[in-house]
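**Q** Here is my input, please return the structure:
(one chain, ligands or ions: 1)
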Amino acid sequence: MADKMMTGMTFGEILVQPPRGMIMLVGTLGLVVEAAGAVVEVAGVAVEVGAEEVAVVSAMILKMVKEANVVVEAGEEGDEAEDLVEGIGMKNLAKIKSKGKNLRRNENFTFLQNWRTLKNYLLAVTGKNVAPPISSFETSGLRAHLLENIAKSGYTKPTAIQKYSIPVILNGRDLMSCAQTGSGKTAAFLLPIIHNLLTNKNPPNTENNCAQPVVVIMSPTRELAIQIWEQGKKFAYNSTVKVAVAYGGTSTNHQRGKILGGCHILVATPGRLKDFVNRGYVSFASLQYFVLDEADRMLDMGFLGDVEEMLSHQSMPATGERQTLMFSATFPEEIQQLAAKFLHDYIFLAVGIVGSASTDVEQDFFQVSQYDKRPKLLSILEETPNDRTLIFVETKRNADFLATFLSEHNIQSTSIHGDRYQSEREQALSDFKKGVRKVLVATGVAARGLDIKDVQHVINYDLPNSIDEYVHRIGRTGRVGNRGRATSFFDDHRDHALAGSLAKILSQAKQKIPEWLGSRSHGEYADQFGGRDIRGDNFGCGQDFNSPPVVEEEEVW
Ligand SMILES: Nc1ncnc2c1ncn2[C@@H]1O[C@H](COP(=O)(O)OP(=O)(O)OP(=O)(O)O)[C@@H](O)[C@H]1O
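**A** Numbering: from 1, shown residues only. Purely as a prediction, here's the structure:
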């Protein structure tokens, strides 16, 4: 049955007006919903639902119930279905009966519930001929050497996004893949790519002092590029696969030498990649995979020009002749539309709600005016002196200022932002990772992708302008199943435009919305599964897609 559904046959199809115009559908193992009414939009796609995501699914059901006057039949009293129905207060809206798995119909829907088989996630898959997911690394078909390196990395089983992304990539398909922060997206693209490189056994290609990588991975920040490079080297360890990196702020000679020495996989920031391509050090003549990590960021106005330039370079294979892979935890609809033109007959994957915050992060808010922020910060940090804490501020100046201020108060801190020398940035990150400094004050440069072990607390000293940025920032904690904590200072004067989006994020993550925040959001968040974009019109406000392009990628942070 699962195979049938994955290929989009007509089973379990249902409305669910999809987030961001993409199709979502509930069906199969956890909850089967059979469409029979006009309200239903047939989608032909499967979604598995799971215990962790029951809340999300509950809200979907609730929405359907509201719209279609559905009658829901729960299982035996005390079982998961009963709990779920209870939990979402559906009793007020639909007739609930406790009679095992019997079916009950009304004119719109039939619900068949089999809650005991709930899986661990909610998944949306769209596209034609989707390869079925893998269930374990051992049975994935990945090469033995790679499996050894996976085991050495301490991975015992694939995460949800890996289960679905790996076979799609192995199958040669283009992919847009969305999953929450810290869910293992990097390995989801690195593993199948390295598998194929190991299988093909071709040596790295360099002609006329110009390297021809098989894989180019673009990342918005230098530190993230370094991190992906390191992870790539880990998976390619002791093999013939060569991984190199190119990023700004350091001498080109060293990087160029490494790349020319042989490189299958090149991880790069946009500015340095463009520079190397324009100088003829790198060409795309052998390229098979083009990967955009943090794809929505790579395709917003800041980097779009660079990405387009690379994709339209004369040596770049055309869309459809290369495999294009895009990964992110957030993917605004406008950017998805833009992304589609670089993709060929692609598969869309979403684990969880696109753009939602990790449910493993406990989110707190304080109403704090600009003048009260410093004492409030001190009191919070003094409560938890041993916590590894990442503090986000809006300006580079304030990052330095705050780090100094905290150090003067015996809280050993350092800072990372675009005005520091690259060596200082790397030192700051290293000190923070090693625990030499417990506190790192950062601008948005550290918001995305960075995987720093045991960050217990993220503090938004200044909230960002965009809700997606908020989601990425707080995603620096609560990674791969660990719990984390995020605290944000909400300044009424500057942050009011974000209130609705924040309330929605809290609501999706099933967290308490402070009354004062809820009242500022004018109830915008109440309807989680709206007919259009999951975030509605105002969601993502502050994300300015029309802002002028920046010249150098890192300088904006
Ligand atoms: N299957 C797995 N088992 C255990 N740990 C894993 C597995 N896959 C990835 N990890 C680890 O999980 C952490 C988060 O992974 P990764 O950085 O790829 O997340 P991400 O989804 O890209 O997050 P972000 O959206 O913040 O960039 C890393 O430390 C990674 O090594």
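**Q** all contacts plus neighbour counts: C-alpha atoms, from now on.
**A** OK.
**Q** With only the CA atoms kept, save the helix or strand hosting Asp275 in CSV.
**A** Per DSSP states H and E, Asp275 falls inside helix 270-278. Only the C-alpha atoms of helix 270-278 are listed here, as CSV (Å, rounded to 0.1, in the frame of the first residue of the first chain):
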residue,chain,number,x,y,z
PRO,A,270,28.7,32.5,-3.3
GLY,A,271,31.2,35.3,-3.5
ARG,A,272,34.3,33.1,-3.5
LEU,A,273,32.8,30.6,-5.8
LYS,A,274,31.9,33.3,-8.3
ASP,A,275,35.4,34.6,-8.0
PHE,A,276,37.0,31.2,-8.6
VAL,A,277,34.7,30.5,-11.6
ASN,A,278,35.3,33.9,-13.1
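**Q** Can you name the next helix or strand after it?
**A** Following helix 270-278 toward the C-terminus (DSSP H and E): strand 289-293.
**Q** Quick one: mean pLDDT for the following helix or strand past that following strand?
**A** Sequence-wise, the next helix or strand downstream of strand 289-293 (DSSP H and E) is helix 295-298. Mean per-residue pLDDT for helix 295-298: 96.
**Q** list the helices and strands helix 295-298 packs on?
**A** Helices and strands touching helix 295-298, by 3 or more Cα pairs under 8 Å, 6 or more residues apart in numbering; DSSP states H and E, are helix 301-311, strand 323-328.
**Q** switch to 6 Å and redo it
**A** Judged by 3 or more Cα pairs under 6 Å, 6 or more residues apart in numbering; DSSP states H and E, helix 295-298 is in contact with strand 323-328.
**Q** For the strand it packs on, buried residues please.
**A** By neighbour count, and taking 16 or more other Cα atoms under 10 Å as the criterion, the buried residues in strand 323-328 are 323-328.
**Q** ditto for stretch 423-436
**A** Neighbour-count burial for stretch 423-436, with 16+ other Cα under 10 Å as criterion, is recorded at 425-426, 428-429, 431-433.
**Q** just to revisit the earlier point, now the helix holding Asp275: buried residues?
**A** 270-274, 276-277.
**Q** and what of stretch 403-413?
**A** Judged by neighbour count (16+ other Cα under 10 Å), stretch 403-413 contains these buried residues: 403-406, 411-413.
**Q** distance between that stretch and the chain's centre?
**A** Taking Cα atoms, centre = their mean, to the nearest Å, one finds the center of stretch 403-413 at 32 Å from the center of the full chain.
**Q** again, but for stretch 409-423
**A** How far stretch 409-423 lies from its chain's middle: 26 Å, per Cα atoms, centre = their mean.
**Q** mind exporting it as CSV, just the C-alpha atoms?
**A** Listed next in CSV are the C-alpha coordinates belonging to stretch 409-423 (Å, rounded to 0.1, in the frame of the first residue of the first chain):
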residue,chain,number,x,y,z
HIS,A,409,30.4,41.5,34.4
ASN,A,410,32.5,38.3,34.7
ILE,A,411,30.6,36.4,32.0
GLN,A,412,33.2,35.2,29.6
SER,A,413,31.9,36.1,26.2
THR,A,414,33.0,36.5,22.6
SER,A,415,31.4,37.7,19.4
ILE,A,416,30.9,36.7,15.8
HIS,A,417,29.9,39.1,13.0
GLY,A,418,30.8,40.2,9.6
ASP,A,419,33.2,43.0,10.6
ARG,A,420,35.5,40.6,12.4
TYR,A,421,38.5,39.1,10.6
GLN,A,422,37.8,35.6,9.5
SER,A,423,40.4,34.3,11.8
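**Q** what sits up against it?
**A** 249, 396, 403, 407, 425, 428, 437, 439-443, 554-555, 557 (Cα atoms under 6 Å, 6 or more residues apart in numbering).
**Q** Does whichever residue of the stretch 401-550 of the chain sits closest to the ligand fall in a helix, a strand, or a coil region?
**A** Going by Cα to the nearest ligand atom, the ligand is nearest to Gly449 of the stretch 401-550 of the chain, at 3.2 Å. Three-state call for Gly449 (DSSP: H, G, I helix; E, B strand; the rest coil): coil.
**Q** And for it, nearest residue in space, chain neighbours not counted?
**A** Nearest non-adjacent residue to Gly449, counting by Cα to Cα, 6 or more residues apart in numbering: Leu224, 6.1 Å away.
**Q** Strand 289-293 and the helix or strand in which the one you found is found, what's the angle between them?
**A** Using DSSP H and E, Leu224 maps to helix 222-235. With axes from the mean of the first three to the mean of the last three Cα atoms, to 10 degrees defining the directions, helix 222-235 sits at 130 degrees from strand 289-293.
**Q** and after helix 222-235, which helix or strand comes next?
**A** Downstream of helix 222-235, the first helix or strand assigned by DSSP H and E is strand 243-246.
**Q** pLDDT on the helix or strand following that following strand, on average?
**A** Per DSSP H and E, the first helix or strand lying C-terminal to strand 243-246 is helix 252-260. What helix 252-260 shows for mean pLDDT is 96.
**Q** List the buried residues of the helix or strand following helix 252-260.
**A** Heading C-terminal from helix 252-260, the first helix or strand you meet, by DSSP H and E, is strand 265-268. The neighbour-count check on strand 265-268 (16+ other Cα under 10 Å) flags 265-268 as buried.
**Q** And for stretch 134-150?
**A** Of all the residues in stretch 134-150, those buried under the rule 16+ other Cα under 10 Å are 134, 137, 140, 142-143, 145-147, 149-150.
**Q** and of the residues you listed, the nearest to Glu333?
**A** Of all these, Glu333 sits closest to Ile134, with 28.5 Å by Cα to Cα.
**Q** and that closest one, that one's in a helix?
**A** No. Remark: Ile134 does not belong to a helix; assigned using three-state DSSP, it is coil.
**Q** what does the stretch 351-500 of the chain put close to the ligand?
**A** 448-449, 451, 475, 479-480 (Cα under 6 Å from any ligand atom).
**Q** try it again with 5 Å
**A** Listed as neighbours of the ligand in the stretch 351-500 of the chain under the rule Cα under 5 Å from any ligand atom: 449, 480.
**Q** all strands for the stretch 351-500 of the chain, in order.
**A** 361-367, 389-392, 413-416, 439-442, 457-460, 484-490 (DSSP state E, counting those that start in this stretch).
**Q** can you redo those as TSV with distance to Leu378 and mean pLDDT?
**A** Below are the strands of the stretch 351-500 of the chain laid out as TSV (distance: least, Cα to Cα, whole Å; pLDDT from 0 to 100):
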stretch	distance to Leu378	mean pLDDT
strand 361-367	14	95
strand 389-392	12	98
strand 413-416	12	97
strand 439-442	12	98
strand 457-460	12	98
strand 484-490	13	97
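**Q** So, low pLDDT: which residues of the chain?
**A** In the prediction, the chain carries residues with pLDDT under 70 at positions 1-124, 352-353, 522-557.
**Q** I'd like to check which residues are in contact with Thr443.
**A** So, once contact is read as Cα under 6 Å, 6+ apart, Thr443 ends up touching 392-394, 417, 557.
**Q** And these, which is closest to the ligand?
**A** Phe392 (15.3 Å).
**Q** Is the closest one in contact with Val445, as I believe?
**A** No. Applying Cα atoms under 6 Å as the test, Phe392 and Val445 come out as separate, 9.6 Å apart.
**Q** Much appreciated, bye for now.
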